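>>> What shape does this take:
(4 chains)
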Protein chains: 2
Amino acid sequence: MESTYRALVVEDQTLMRLALMDQISTAFENAAVLGAQTLEIALYELANENFDLVIIDPGLPGFDPTSQDDRLSVVSRIIEASPTALHAVITGSDNTAEADQFRGLGAVAYLGKTGLEPGMLCDVLDDISTSGFSIRLSRVTMTVPDYCHSALTPREQEIINLMARREPGMSRIQIYEQVAGKLGIDRDSAEKYFKKARAKIMKSDHKLPVGI
Amino acid sequence: MESTYRALVVEDQTLMRLALMDQISTAFENAAVLGAQTLEIALYELANENFDLVIIDPGLPGFDPTSQDDRLSVVSRIIEASPTALHAVITGSDNTAEADQFRGLGAVAYLGKTGLEPGMLCDVLDDISTSGFSIRLSRVTMTVPDYCHSALTPREQEIINLMARREPGMSRIQIYEQVAGKLGIDRDSAEKYFKKARAKIMKSDHKLPVGI
DNA sequence: CCAAATAGGGACAGCCCTATCCCTTTTTTT
DNA sequence: AAAAAAAGGGATAGGGCTGTCCCTATTTGG
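Okay, here's the model as predicted:
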């Protein structure tokens, strides 16, 4: 077994922090991920442990979100406390000027929260491996709403959303084939899950989401 | 079966939007939840469907995040497009003055993202039922870091984090009892899960999180 | 010292999710 | 009309998570 991958997420918004932690723990076979809501907790953890990856939202409680000095100070203190780790900055209000500033401090990634999707972590780490830096500025990509229903299993949920985002003009069979390829399962299985999901939705709701 | 509970989450940050949608879909027995990244998508959905609950982050793409007029405009347009729904505003930069403004527009909840935790939705809806309005300003509550490990099942994860947050001075048995009560399971089971989780962590990591 | 607490397991049944293969009927397209 | 596509479902095997009950050492506290 590979040795444990150690990561720390410094982010004050709890749902976002937990989502990021979940992204990391599922991206690695064997990862231990800590979450800190404040700089104090982060620095405490950094003093007691060595991390491979630290994700930082510079807009932490106790600092002025409009002060660029405060934002830089948060990141630089964390980088100084963990010189061997990779540091990724994540922010809701991103711009290229700030990206350059953080890069100057030693960060290897600058990520806007808007448009940062599940599974993006691998791409970001690839960027870092190949080019030393990853930048993902916020951008709007959504054309079809997300959909989520209590009665659906995760697989069904996934397939419903993939189907809703399909390119028009393809036959169902082609789409099943494509979706099956993405998920690594059979075409038949993809078809089955989709039909099952749609049946569940129709039964409980009598109203299908857009694109289905 | 109760009729389907319909909700819409208007939020541009994808991970946050999905987290909120997940919160809603698990809080209700039978819920259909849509997610919109932009005001356009939101208004399109509102035109085609009636919702019971709409959650709005006013800081959407295409609007000036520093302009209070823009923020108010986003919320008022959504409220006008769905007069029968309950409207909850969620924001990263919350303050009481803005809460009052949105309340004036007809919103029934104003929630700061910091400190907004999993499971909070029920409390918020309770507030709304009893007092007509729910306000949760951002505040820092964390004393112990979150912990998350690839090898742990959700139950084990949950128990590890509950144990890490235990109040000092209690015997393990008392804590097992308390945790079991929260989760609705046996004391023995809680004890078992905790021991299993700790063993997994020790085996893969040789380093336990704080508080364990 | 004795009793309680703790560590560290094994066994087992139930359940849901996953994935595959199979089937029939209806609709659409050619 | 024949062929392809699509809807709608049944059966089944495997696996992981859950929850309960049970067991033996070892340590701690009174």
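>>> other SSEs contacting the helix ranked longest in chain A?
Counting residues, the longest helix found in chain A (DSSP state H) is helix A:187-205. In this structure, helix A:187-205 packs against strand A:146-149, helix A:154-164, helix A:172-183, strand B:31-36, with contacts taken as 3 or more CB pairs under 8 Å, 6 or more residues apart in numbering or on different chains; DSSP states H and E. To be clear about C-beta, it is placed using only N, CA and C from the backbone, and glycine gets the same treatment.
>>> ranking these by mean pLDDT, which is last?
Least confidently modelled of the helices and strands packed on helix A:187-205 is helix A:172-183, at a mean of 90 by mean pLDDT.
>>> relative to helix A:154-164, how tilted is it?
Interaxial angle, helix A:172-183 versus helix A:154-164 (axes from the mean of the first three to the mean of the last three CA atoms, to 10 degrees): 130 degrees.
>>> buried stuff in helix A:172-183?
Buried residues in helix A:172-183, counted by 16 or more other CB atoms under 10 Å in any protein chain shown: A:175-176, A:178-180.
>>> what does stretch A:199-212 give?
By 16+ other CB under 10 Å, the buried positions in stretch A:199-212 come out as A:200-201, A:204-205, A:209, A:212.
>>> residue contacts, the most centrally placed residue in chain A?
Central residue check for chain A by CA atoms, centre = their mean: the C-alpha nearest the mean position is that of A:Pro118, 4.2 Å away. Counting by CB atoms under 8 Å, 6 or more residues apart in numbering or on different chains, A:Pro118 touches A:23, B:14-15, B:18.
>>> now do A:Leu34
So A:Leu34 contacts A:7-9, A:21, A:45, A:49, B:145-148, B:209 (CB under 8 Å, 6+ apart).
>>> Need the three-state assignment for A:Ile55.
Three-state assignment for A:Ile55 (DSSP: H, G, I helix; E, B strand; the rest coil): strand.
>>> Is it bridged to anything, and to what?
Applying DSSP bridges to A:Ile55 gives these bridge partners: A:Val9, A:Ala88.
>>> Now do it: how many residues are near it, please.
27 (other CB atoms under 10 Å in any protein chain shown).
>>> Likewise for A:Arg103?
Neighbourhood size, A:Arg103 [other CB under 10 Å]: 16.
>>> circling back: tell me which of the buried residues of helix A:172-183 is nearest to DNA strand C?
For the buried residues of helix A:172-183, the minimum distance to DNA strand C (CB to the nearest atom of the strand) is 7.1 Å, reached by A:Ala180.
>>> and that closest one, how far is that from DNA strand D?
Going from A:Ala180 to DNA strand D by CB to the nearest atom of the strand, to the nearest Å gives 13 Å.
>>> pretty sure that residue contacts A:Lys192?
No - using CB atoms under 8 Å, A:Ala180 is not in contact with A:Lys192, being 10.5 Å away.
>>> Could you find the closest non-adjacent residue to A:Ala27?
Counting by CB to CB, 6 or more residues apart in numbering or on different chains, A:Leu121 is the residue found nearest to A:Ala27 once chain neighbours are left out, at 4.7 Å.
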